[in-house]
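*Asks:* sequence-free structure coming up:
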């Protein structure tokens, strides 16, 4: 076999692999996307041609589903979580990155180790805690839970970006006349911004998709979108056409964020220092 | 304008002592170079002046003011870093303007001052660029302009030329010297490059293991080294050092002996002589004999390395000089050009 033939085969093989991966990832999305516009009877038929309808979207916003309330809950919970998580984790990450603290390694390991605990293990203590505090079925409870899940991850991620900022740059700013806070505001934040934005988007996605705690802690007022989806198990079976429509609503913000993340992620990788 | 005084400063990290009880007076408007190998404590000393490092012990004065407890921003110093320390997200203009901005200099003066500083380092046509769009030499100029945009009391420069290529380094060296002459600002300059030290300094402080080994004008450091460390560190190529025995007026090397006007009697001593003070001659006429190990042309002169018993000597000769490897040659030199060191203390005797 000649070199060029071998290369052709290799290319073909590569293409086939990419195609397989794409099919595995895209088919479920296609199935949901098409299902959202199908009538209930058409959902399980694999025909490509069907009469599209917007009735599913109309139905999910009406009683008993009221998905707009869940959408609002999810948006408020995820946004508030990120609004609190990012400044807190940025400050913590800066301290871990720049100051030599007592028990620094231990503290950092402990923060990271919270990520190794399976969520199922701590869901019951949380439930009891919130019950005693009278916070069951409130957005505040969900925000607290999400913060506890997201902060360690955000600290770890942002610390990586701050570590990449050369110390020289900060020291130059200190000698130039800045206070420590000015250094953070004028130098560190702008330089770490792509990283911080990336972390913010990841955190939003985590909070948006969080299911386990939401399903245990909420039952009517504070129910979020992922939990809302489970409402479509009705007596007449699983209402796939409605689940699909709701699924589209859950996915849309994610697609938007994925696009932004891509841009900033590349920026975050290439910004770097001037040497 | 002000002097800088260090009084018995020490910097320790746990067991490691970076700077040991160092005292130094840097005069107003003086260009002082801290010279030494890496790890000798020179950068730590400078960082303690800047306030980026806190002395474990001792006092730092800028002018008459004790600054130990002052933050870097309150010490009125400007610093140029080895890696420039530029702000990559800001344009050259904004980089240079930054000290004015954070020190609350009236806004109406900014553009004039930035332009003046940029002109001094020939950067005025690049003000809109980002640092990543500049060459190494241009970045170094931005760092310099940022340091001179306001008039600081003291300039601190931490190996500012070490990231530049050899040719640019020579140009920038001259520019630095000129700039300091023009601005008349007390300057502390850290380097491990002895040529930089010799050419720039009013005085050189040669540092070794956290202490000042010798402090003096460059010509004194070169012509009158106080100890073995300075003798071996200064000069390119460095001074030739040979171990032997000092018997009153006679230095006895395993391969030769030479009369020297000295009163001491030492079992082990070191004789030092600069490459340019040795003259190659025929084997019979030489004070000592050796075989040629290598012969190099550096452009303006030649360097011939010969083996003499256990030692290797380098001799600087005229650029036309030619010789073959393994040839046996003699070397002449005057006893008055020799330096003698005690091996026990390392000091000149």
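*Replies:* Right, received. Where do you want to start? This one's a predicted model, so the numbers in the text were calculated from it and none came from an experiment.

*Asks:* Only C-alpha atoms from now on, for both contacts and neighbour counts.
*Replies:* Fine.

*Asks:* how about the residues of chain A near chain B?
*Replies:* A:166, A:168-179, A:187, A:190-191, A:273-275 (Cα under 8 Å from any Cα of the partner chain).

*Asks:* where's residue A:89, which helix or strand?
*Replies:* Following DSSP states H and E, one finds residue A:89 within helix A:67-98.

*Asks:* Buried residues, that helix. List them.
*Replies:* Buried positions in helix A:67-98, judged by neighbour count with 16 or more other Cα atoms under 10 Å in any protein chain shown: A:67-71, A:73-82, A:85-86, A:89-90, A:92-94, A:96-97.

*Asks:* Likewise for stretch A:23-31?
*Replies:* Those would be residue A:29, for stretch A:23-31 by 16+ other Cα under 10 Å.

*Asks:* Any regions of chain B where pLDDT drops low?
*Replies:* B:1 (pLDDT under 70).

*Asks:* Show me the helices in it, by range?
*Replies:* Using DSSP state H, the helices of chain B run over B:42-50, B:92-102, B:107-120, B:136-148, B:166-183, B:194-200, B:218-223, B:228-233.

*Asks:* Just the mean pLDDT for the longest helix seen in chain A, thanks.
*Replies:* The longest helix of chain A (DSSP H) is helix A:3-36. The pLDDT scores in helix A:3-36 average 91.

*Asks:* Packing partners of it?
*Replies:* Helices and strands touching helix A:3-36, by 3 or more Cα pairs under 8 Å, 6 or more residues apart in numbering or on different chains; DSSP states H and E, are helix A:240-271.

*Asks:* what does the stretch 51-200 of chain B put close to chain A?
*Replies:* Close to chain A, as judged by Cα under 8 Å from any Cα, the stretch 51-200 of chain B has residues B:52, B:72-74, B:77-81, B:83-89, B:98-99, B:102-103, B:131-132, B:136, B:147.

*Asks:* Measure how buried residue 236 is and give me the count.
*Replies:* In the absence of a named chain, this looks at chain A. The local packing of residue A:236 (other Cα atoms under 10 Å in any protein chain shown) involves 7 other residues.

*Asks:* Actually, chain B is the one I wanted.
*Replies:* 11.

*Asks:* what does the one 10 residues further on give?
*Replies:* Using other Cα under 10 Å, the number of residues around residue B:246 comes to 26.

*Asks:* hang on, the earlier thing: report the buried residues of the helix or strand following the longest helix of chain A.
*Replies:* Counting by DSSP H and E, the next helix or strand C-terminal to helix A:3-36 is helix A:55-60. For helix A:55-60, the neighbour count (16+ other Cα under 10 Å) marks A:56-57, A:60 as buried.

*Asks:* got it, and stretch B:172-181?
*Replies:* For stretch B:172-181, by 16+ other Cα under 10 Å, it's B:172-173, B:176, B:179-180.

*Asks:* One more: stretch A:229-241?
*Replies:* Residues of stretch A:229-241 classed as buried: A:229, A:231-232, A:239-241 (neighbour count, 16+ other Cα under 10 Å).

*Asks:* From one end of it to the other, what's the distance?
*Replies:* Its first and final residues considered, stretch A:229-241 spans 11 Å by Cα to Cα, to the nearest Å.

*Asks:* just how off-centre is that stretch within its chain?
*Replies:* 25 Å (Cα atoms, centre = their mean, to the nearest Å).

*Asks:* could you give me the average pLDDT of that stretch?
*Replies:* Rounded mean pLDDT across stretch A:229-241 is 81.

*Asks:* Show me the residues of chain A next to chain B that map onto helices.
*Replies:* Checking the residues of chain A next to chain B against DSSP H, those in helices are A:168-176, A:190-191.

*Asks:* what helices or strands is the helix holding residue A:89 leaning on?
*Replies:* helix A:139-163, helix A:189-209, helix A:225-229.

*Asks:* would a markdown table of those helices with distance to residue B:274 be doable?
*Replies:* Output for the helices and strands packed on helix A:67-98, formatted as a markdown table (distance: least, Cα to Cα, whole Å):
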| stretch | distance to residue B:274 |
| --- | --- |
| helix A:139-163 | 47 |
| helix A:189-209 | 51 |
| helix A:225-229 | 82 |
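
*Asks:* closest one to residue B:333 among the ones you listed?
*Replies:* Proximity to residue B:333 (Cα to Cα) singles out helix A:139-163 among these, at 57.3 Å.

*Asks:* Would you mark the buried spots in the closest one?
*Replies:* Using 16+ other Cα under 10 Å as the test for burial, helix A:139-163 gives A:139-147, A:149-162.

*Asks:* Quick one: residues in contact with that helix.
*Replies:* Contacting residues not belonging to helix A:139-163 are listed as A:73, A:76-78, A:80-81, A:84-86, A:88-90, A:92-94, A:96-98, A:111-112, A:114-115, A:130, A:135, A:188, A:192, A:195-196, A:199-200, A:203, A:206-207, A:210, A:213-214, A:217, A:222 [Cα atoms under 8 Å, 6 or more residues apart in numbering or on different chains].

*Asks:* avg pLDDT for that helix?
*Replies:* The model assigns helix A:139-163 a mean pLDDT of 93.

*Asks:* so that helix versus helix A:189-209, what angle?
*Replies:* 140 degrees (axes from the mean of the first three to the mean of the last three Cα atoms, to 10 degrees).

*Asks:* Run the angle between helix A:139-163 and helix A:67-98 for me.
*Replies:* 40 degrees.

*Asks:* separation between residue B:264 and chain A?
*Replies:* 51 Å (Cα to the nearest Cα, to the nearest Å).

*Asks:* buried ones in stretch B:120-134?
*Replies:* Buried-residue list, stretch B:120-134, by 16+ other Cα under 10 Å: B:120-121, B:123-124, B:126-127, B:130-132.

*Asks:* Over to stretch B:248-259?
*Replies:* In stretch B:248-259, counting by 16+ other Cα under 10 Å, buried: B:250-253, B:258.

*Asks:* now residue B:201: how far from chain A?
*Replies:* Distance of residue B:201 to chain A, given as Cα to the nearest Cα: 23 Å.

*Asks:* is it true that that residue touches residue B:218?
*Replies:* Yes: if you go by Cα atoms under 8 Å, residue B:201 and residue B:218 touch, sitting 6.8 Å apart.
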